[in-house]
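**Q** One predicted model, sequence on top.
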Amino acid sequence: MYMIREVFQAERGKAPEIVAAFNILGAIFDQMGYQNRRIYVDYAGPMDTVVCQWEVEDLHDYFTKERQFFVNPDAETQALIDAFNNNAKSGYKEIYEVIL
């Protein structure tokens, strides 16, 4: 099992838009069988930080599905991609093996 965490630094005041996009993405993640999805926002540290994490069983399967997501996206998927791209200053992904 692996835990994947995406951390976005939103443009000032745009964290709610990133949270909304992660909520939409969450429905897709649920269909894919991803587990233990959580969304966090900053309490201390850099303002307008949004973190989403979830667990997957297989990294190869995860990355295959992720690549497919960006190939010829329909209008709804493109709107979701644009929500992240237009409201975030930066972002990164962390991947951890779940031990316990």
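**A** Now that the structure is in, tell me what you want to look at.

**Q** Now do the helices in this protein.
**A** Here the chain has its helices, by DSSP state H, at 15-32, 59-69, 75-87.

**Q** for the protein, which spans come out with low pLDDT?
**A** For the chain, no stretch has pLDDT under 70.

**Q** To what extent is the residue nearest to Val50 when sequence neighbours are not counted buried, counted in neighbours?
**A** Spatial nearest neighbour of Val50, excluding adjacent residues (CB to CB, 6 or more residues apart in numbering): Ile18 at 4.3 Å. Every residue, glycine included, has its C-beta placed from N, CA and C. Close neighbours of Ile18, defined as other CB atoms under 10 Å, add up to 26.

**Q** Likewise for Ala15?
**A** By other CB under 10 Å, neighbour count at Ala15 equals 20.

**Q** show me the contacts for Tyr92.
**A** 6-7 (CB atoms under 8 Å, 6 or more residues apart in numbering).

**Q** For beta bridges, what are the partners of it?
**A** Residues in a beta bridge with Tyr92, per DSSP bridges, are Val7.

**Q** any idea how far it lies from Phe8?
**A** 8 Å (CB to CB, to the nearest Å).

**Q** What of Lys89?
**A** 8 Å.

**Q** Leu32 is in contact with Lys65, isn't it?
**A** Slight slip there: residue 32 is Met, not Leu. Yes. Met32 is within contact range of Lys65, at 6.0 Å (criterion: CB atoms under 8 Å).

**Q** more neighbours, Lys89 and Phe8?
**A** In terms of neighbours (other CB under 10 Å), Phe8 is the more surrounded of Lys89 and Phe8; the figures are 23 against 12.
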